[in-house]
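In: Need the 3D shape of this:
(chains A and B)
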Amino acid sequence: MSVDLPAHSKEITRLQELAYELKVEDAMTRNVLTVSPNATMAEVRELLRVNRISGMPVMENGRMVGIVTIEDLIKALAAGELQATVRERMHPRPVTLYADEPLVHAVARFSELKFGRFPVIDRQGKLVGIITQGDIVRAMLKRLEISYREEEIHRYRASHIFEDIIADEVALVFGYRVKARDFGHAGEASSGLKRTLGRLGIRPDIIRRVAVATYEAEINIVVYSVDGGEIVAEVRRDRIKIEAIDHGPGIPDIELAMQPGWSTAPDWVREMGFGAGMGLPNIKACADVMKLESTVGVGTHLTIIIYVPNSSYKLTSR
Amino acid sequence: MKLSEVLRIIEGKVISRNVDLEAEVTSGGGADLMSDVLAFAQDGMLLMTGLTNPQVVRTSEMAGTAAIVFVRGKIPPPETIALAEEKGIPLLASKFTMFETCGRLYVAGLPAHGLFDLTIQRWHEAFERRE
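Out: This is a model prediction of the structure:
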């Protein structure tokens, strides 16, 4: 079996990114329960119990004057002083976080001070929420779930393939047939390839480049070929090669065809939103290597290579 | 920006089923030329377009577009809506022109992508190379 370390470090990196992307306000609880400094610790016990929380900001005349927590309650219970007021038992001047701070600041504060919660204020000093470590975990998990939900199940099945197959070289080949002038189904080959690459666990930015380049190549076969053609994708550990092949009519002047804006597309193609002479330049922009060979009367053979950076396949393997 | 906010800002309607109005779009772009969309779109983009054929949905699928707004009150044909529902790409409608739909969202804080490589290269070749 492969060593799990690279996969793990990837996951942590994604979590670290999230901690920077998300703000405190994205994770905090907005409905903050507060208590008056004149309440008794017995009342605090009831509020904590009924609402199943572990601490509350103390508010007086619309201003936060302290925080009272379950530890304060336990001390009061041990001393038999449940009739003491919150004012006597609270921590004045609680440490706060700003709502617009990155979540990573909150993570740092929790590990530094070991507090259970921080009140969250806006830049005017108004209390807008409260945050616990549980809130942070929930917000990050939710965001992770959103980004991975779609392909996750399939990826777990297929993404091991490059590690599980024992060979010096592994190549998976996927072939798709493309019909000429059938705009209703144009894009199905690219769509199929895109989903397949997702199931192999390839990085989304690589998949996107493959999908865009393949789609433009597929549109070209639909629009220009005499009797359709085929798209063949060869996926290796380190690169994806896409070949788009048709059998005519061929391109008389390849250099001219590569120029942005040059097109021989008929009106019906332009009405579909293509045929403006941007297809080949778009493919070139997505590809690491692009080779276009064509002979009039014989056909056109387009080769696109996109390199896969190391460890791309290991993103979700465990 | 959430789709619910987009709808409020453009006074729009939802035209496909099972749309999550809490879904986020991170940027916006407008084009009727699908090759342009393929060139500049980024994951999470909201696409404004006046084109209603199914290739708009295909293009969005390839480019990672998060949702599509049809401008000038255009309603796409059933095959476009069916494909969008299959691919899980929300479709919205705006009665405003492309310019006004984009303008309302831009003013409300939905960002554009800025410049992208193909444009920079072409601009350089056309205007700056000889200077």
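
In: Assumed residue B:92 was part of a strand.
Out: Yes: counting by DSSP: H, G, I helix; E, B strand; the rest coil, one finds residue B:92 located in a strand.

In: Quick check: bridge partners of it?
Out: residue B:14, residue B:69 (DSSP bridges).

In: What is the neighbour count of it?
Out: Look at residue B:92: counted by other C-beta atoms under 10 Å in any protein chain shown, it has 23 neighbours. Quick note: C-beta positions are derived from backbone N, CA and C, even for glycine.

In: repeat for the one 10 residues further on
Out: Neighbour count for residue B:102, taken as other C-beta under 10 Å: 22.

In: mind checking how far it is from chain A?
Out: Using C-beta to the nearest C-beta, to the nearest Å, residue B:102 is found at 17 Å from chain A.

In: what ranges do the strands span in the chain?
Out: Just going to use chain A. A:55-60, A:63-69, A:91-92, A:97-98, A:117-121, A:127-132, A:171-178, A:229-236, A:239-246, A:289-295, A:299-307 (DSSP state E).

In: I was after chain B.
Out: Applying DSSP E to chain B gives strands spanning B:13-14, B:27-30, B:45-49, B:67-70, B:91-93.

In: Of all those, which one is nearest residue A:172?
Out: strand B:45-49 (30.2 Å; C-beta to C-beta).

In: Run the chain-centre distance for that closest one.
Out: 1 Å (C-alpha atoms, centre = their mean, to the nearest Å).

In: burial count for the residue in the stretch 51-200 of chain A that chain B sits nearest to?
Out: Nearest residue of the stretch 51-200 of chain A to chain B: residue A:187, at 3.4 Å (C-beta to the nearest C-beta). For residue A:187, the count of nearby residues is 25 (other C-beta under 10 Å).

In: Residue B:34 contacts residue B:59, doesn't it?
Out: Yes: applying C-beta atoms under 8 Å as the test, residue B:34 and residue B:59 come out as touching, 4.4 Å apart.

In: thinking residue A:23 is in contact with residue A:105, fair?
Out: No: using C-beta under 8 Å, residue A:23 is not in contact with residue A:105, being 9.4 Å away.

In: Those two: which has the busier surroundings?
Out: Looking at residue A:23 and residue A:105 with other C-beta under 10 Å, you find the greater number of neighbours at residue A:23, namely 19 against 16.

In: Name the nearest residue to the more buried one, sequence neighbours excluded.
Out: Of all residues not flanking residue A:23 in the chain, residue A:100 sits nearest, at 5.7 Å (C-beta to C-beta, 6 or more residues apart in numbering or on different chains).

In: could I get the strands of chain B as CSV with mean pLDDT and distance to residue B:107?
Out: Below are the strands of chain B laid out as CSV (pLDDT from 0 to 100; distance: least, C-beta to C-beta, whole Å):
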stretch, mean pLDDT, distance to residue B:107
strand B:13-14, 96, 21
strand B:27-30, 95, 11
strand B:45-49, 97, 14
strand B:67-70, 98, 15
strand B:91-93, 97, 18
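
In: Between those strands, which one is closest to residue A:299.
Out: The closest of the strands of chain B to residue A:299 is strand B:45-49. By C-beta to C-beta, the value is 33.2 Å.

In: Just the pLDDT for residue A:14.
Out: Per-residue pLDDT puts residue A:14 at 69.

In: Near the nearest residue in space to residue A:170 that is not next to it in sequence, how many residues? Count them for me, please.
Out: Excluding the flanking residues, the one nearest residue A:170 by C-beta to C-beta, 6+ apart is residue A:162, at 5.9 Å. Number of residues near residue A:162 (other C-beta under 10 Å) recorded here: 22.

In: hang on, residue A:162 packs against residue A:171?
Out: No: judged on C-beta under 8 Å, residue A:162 makes no contact with residue A:171 at a distance of 10.3 Å.

In: I'd say residue B:69 and residue B:92 touch.
Out: Yes: here residue B:69 reaches residue B:92: they are 4.6 Å apart, a contact under C-beta under 8 Å.

In: Show me whatever sits in contact with both of those two.
Out: B:6, B:10, B:12 (C-beta atoms under 8 Å, 6 or more residues apart in numbering or on different chains).

In: wait, what's in contact with residue B:84?
Out: By C-beta under 8 Å, 6+ apart, the neighbours of residue B:84 are B:16, B:57, B:68, B:76, B:90, B:91.

In: that older thread, want to throw the shared contacts of residue B:69 and residue B:92 into TSV with distance to residue A:266, neighbour count and pLDDT?
Out: Putting the shared contacts of residue B:69 and residue B:92 into TSV (distance: C-beta to C-beta, whole Å; neighbours: other C-beta atoms under 10 Å in any protein chain shown; pLDDT from 0 to 100) gives the following:
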residue	distance to residue A:266	neighbour count	pLDDT
B:6	36	26	97
B:10	34	23	97
B:12	34	20	96
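
In: Up against chain A, what does chain B have?
Out: Counting by C-beta under 8 Å from any C-beta of the partner chain, the positions of chain B adjacent to chain A are B:32-36, B:38-39, B:43, B:49, B:51, B:53-56, B:58-59, B:61-64, B:79, B:88, B:117-118, B:122.

In: Alright, I will stop here.
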